[in-house]
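**Q** Return atomic coordinates for the entry below.
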Amino acid sequence: MPDPRRRLPSVDALLRAAPARRAAARFGREVVKEAIREVLADLRRTRATPPAEEILTRVVHRAAQASFGLTTVINATGVVLHTNLGRAPLPASAARAASEAAAGYVDLEVERDTGRRGRRADRAELLLRALTGAEAALVVNNNAAALMLALAALARRKEVLVSRGELIEIGGEFRLPDIMRASGAKLVEVGTTNRTRLSDYERAISGRTGLILAVHPSNYRVVGFTHAVAPAELAGLGVPVLHDIGSGLLRRIRGVPAEEPAATEAVRHAGLVCFSGDKLLGGPQAGILLGRAELIEKIRRHPIARAVRVDKMTMAALEAVLHLWATGRHAELPVWRALTVTQASVRRRAAALAEAVPGAATARGESVAGGGSLPGYGVPTTTARIPAPDAEGAAARLRGGSPSVFCRVEGDALLFDLRTVDPADDERLARAIRYALAQEG
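**A** As a prediction, the model looks like this:
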């Protein structure tokens with residue numbers, strides 16, 4: 001039997017077709033040509049041979065996606081820190097600061113009073129020291145980079161002790177042992193998956209030990225017959241301790257589970273603490289290192305530090321977010337507004353949405369922090385539940401619409417959680433749902 005993939009049209013044939021020529025005039029010929037290559041490669045992998053018209057529709061859609069860039073969406077999933085949707089939305093002040101920094105020149109690495117070269121994170125680091133009590137701080141482009149940089153600077157060719165219960169996998173199938181290998185540190189596993197004792201660390205310490213790594217399992221829980229050693233206990237072993245608290249809770253906030261570590265507490269016990277900037281901190285993607293001045297300075301001087309530094313837009317946004325924390329206004333951060341909005345408010349909005357869409361009704365549900373934060377911590381909510389014969393198809397039409405809407409699909413129904421929707425978007429959401437359902441069949 002001849003390979004059906006041979007029936008696929010060539011790149012040149014598709015490029016000469018009228019839809020491709022029109023798309024080339026709009027998006028650029030090379031962009032359309034690359035989109036054709038991608039679509040044909042996908043079809044060859046799946047051994048599909050759709051008509052040329054369908055292939056061209058996919059090509060034009062792919063070229064448009066690339067040309068128009070990121071699209072703002074309505075997040076009605078109830079996942080506050082939705083990694084695939086960009087995690088923490090920025091407050092207006094941070095978005096404005098990033099935009100202004102992007103549009104012109106800024107005093108990123110210069111001291112205005114002397115004209116001499118300065119340090120780009122100087123302002124953010126001052127705020128971090130003031131907010132957490134840390135001796136020193138360093139800002140890089142994400143928490144994985146903060147972890148790898150610290151390991152490379154402090155433990156290259158040395159042993160790093162880690163509990164077997166903390167050998168986590170983060171997003172995109174990146175695992176802690178892989179990051180450690182890339183840094184040049186040697187992993188030494190201690191204890192067992194569910195029980196690790198202080199004596200396990202004591203027996204593993206040798207002259208080759210460079211660091212003890214304590215990792216908060218921020219995207220899962222081990223329950224039942226368990227035991228873990230607190231970083232405060234590890235600090236007494238005479239080896240520097242790096243505590244990766246992950247989610248970036250800056251300080252203790254009422255209602256947040258006690259097992260979620262806060263940076264202000266962690267920095268008192270560990271020589272180093274690292275966490276993400278775009279989770280519970282509520283800022284842009286960043287990795288933050290806090291701790292003893294001599295350790296931070298050694299990390300700062302490592303060559304990798306330059307490779308993982310942040311740009312001016314990120315720095316401007318982070319400074320604005322830290323200013324909100326410093327002035328006691330963290331409740332203005334979209335993340336914390338979503339997590340703390342009252343259930344009554346969400347219920348009223350869900351009822352209004354259900355009334356605006358034929359066949360909809362309200363239902364009890366649960367919102368989550370998401371983004372590898374607050375595992376097992378759910379927030380009671382009320383959703384608008386809409387039955388749909390082809391729920392997956394309706395959800396796809398919503399995602400592809402304008403505005404693009406993301407919701408949950410449970411069986412033969414669509415669920416919309418208003419906790420993660422800006423109230424200003426409620427009417428747009430209702431219109432988008434009505435339109436998507438009207439296209440069914």
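**Q** Return the set of buried residues in stretch 59-76.
**A** Buried residues in stretch 59-76, counted by 16 or more other CB atoms under 10 Å: 59, 60, 62, 63, 73, 74, 75, 76. Any C-beta I mention is one placed from the backbone N, CA and C, and that applies to glycine too.
**Q** correction: stretch 352-371
**A** Using 16+ other CB under 10 Å as the test for burial, stretch 352-371 gives 353, 354, 356, 357, 360, 362, 365, 367, 368, 369, 370, 371.
**Q** What is the burial count for the closest residue to residue 310 other than its chain neighbours?
**A** By the measure of CB to CB, 6 or more residues apart in numbering, the closest residue to residue 310 outside its immediate chain neighbours is residue 141, 5.2 Å from it. Residues near residue 141, counting by other CB atoms under 10 Å, number 18.
**Q** and what of the one 10 residues further on?
**A** Other residues within reach of residue 151 by the criterion other CB under 10 Å amount to 26.
**Q** So it belongs to a helix, correct?
**A** Yes: assigned with DSSP: H, G, I helix; E, B strand; the rest coil, residue 151 falls within a helix.
**Q** what separates the residue nearest to residue 310 from residue 288, distance-wise?
**A** Distance from residue 141 to residue 288, counting by CB to CB, to the nearest Å: 11 Å.
**Q** Likewise for residue 163?
**A** Where residue 288 is concerned, residue 163 sits at a distance of 23 Å (CB to CB).
**Q** of these two, who's got more company?
**A** Legend: neighbour count by other CB under 10 Å for residue 163 and residue 288, higher for residue 288 (30 against 25).
**Q** so where does the closest residue to residue 379 other than its chain neighbours fall, helix or strand?
**A** If the residues on either side of it in the chain are set aside, residue 379 comes closest to residue 367, at 4.4 Å by CB to CB, 6+ apart. Assigned by DSSP states H and E, residue 367 belongs to strand 361-370.
**Q** Could you do residue 382 as well?
**A** Assigned by DSSP H and E, residue 382 falls in strand 373-387.
**Q** low pLDDT regions in this structure?
**A** Low-confidence segments of the chain (pLDDT under 70): 1-5, 170-173, 218-225, 441.
**Q** Buried ones in the strand holding residue 382, by neighbour count?
**A** Within strand 373-387, the residues scored as buried using 16+ other CB under 10 Å are 373, 374, 375, 377, 379, 381, 382, 383, 384, 385, 386.
**Q** now stretch 316-326
**A** 316, 317, 318, 319, 320, 321, 322, 323, 324, 325.
**Q** Identify all contacting residues around it.
**A** With CB atoms under 8 Å, 6 or more residues apart in numbering as the test, stretch 316-326 has contacts from 90-91, 93-98, 100-101, 106, 123-124, 127-128, 130-131, 139, 250-251, 277, 281-284, 286, 310, 330, 332-333.
**Q** The same query, at a cut-off of 7 Å, please.
**A** 90-91, 93-94, 97-98, 101, 123-124, 127-128, 130-131, 139, 250, 277, 281-284, 286, 330, 332-333 (CB atoms under 7 Å, 6 or more residues apart in numbering).
**Q** now, which of the residues you listed lie within strands?
**A** Among these, the ones falling in strands (DSSP state E) are residue 139.
**Q** Need the buried ones from the contacts of stretch 316-326 selected in ChimeraX.
**A** ChimeraX command restricting these to the buried ones, with burial defined by 16+ other CB under 10 Å:
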select :90,91,93,94,97,98,101,123,124,127,128,131,139,250,277,281,282,283,284,286,330,333
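**Q** Against residue 19, how distant is residue 43?
**A** For residue 43, the distance to residue 19 - CB to CB - is 17 Å.
**Q** Over to residue 75?
**A** Distance of residue 75 to residue 19, computed by CB to CB: 32 Å.
**Q** Could you do residue 305 as well?
**A** For residue 305, the distance to residue 19 equals 49 Å [CB to CB].
**Q** Residue 92 too?
**A** To residue 19, residue 92 is 41 Å away according to CB to CB.
**Q** next one: residue 194
**A** Between residue 194 and residue 19 the computed distance is 58 Å (CB to CB).
**Q** Mind checking which of residue 92 and residue 19 has more residues around it?
**A** Set side by side, residue 92 and residue 19 show more neighbours around residue 19, with 16 against 11, by other CB under 10 Å.
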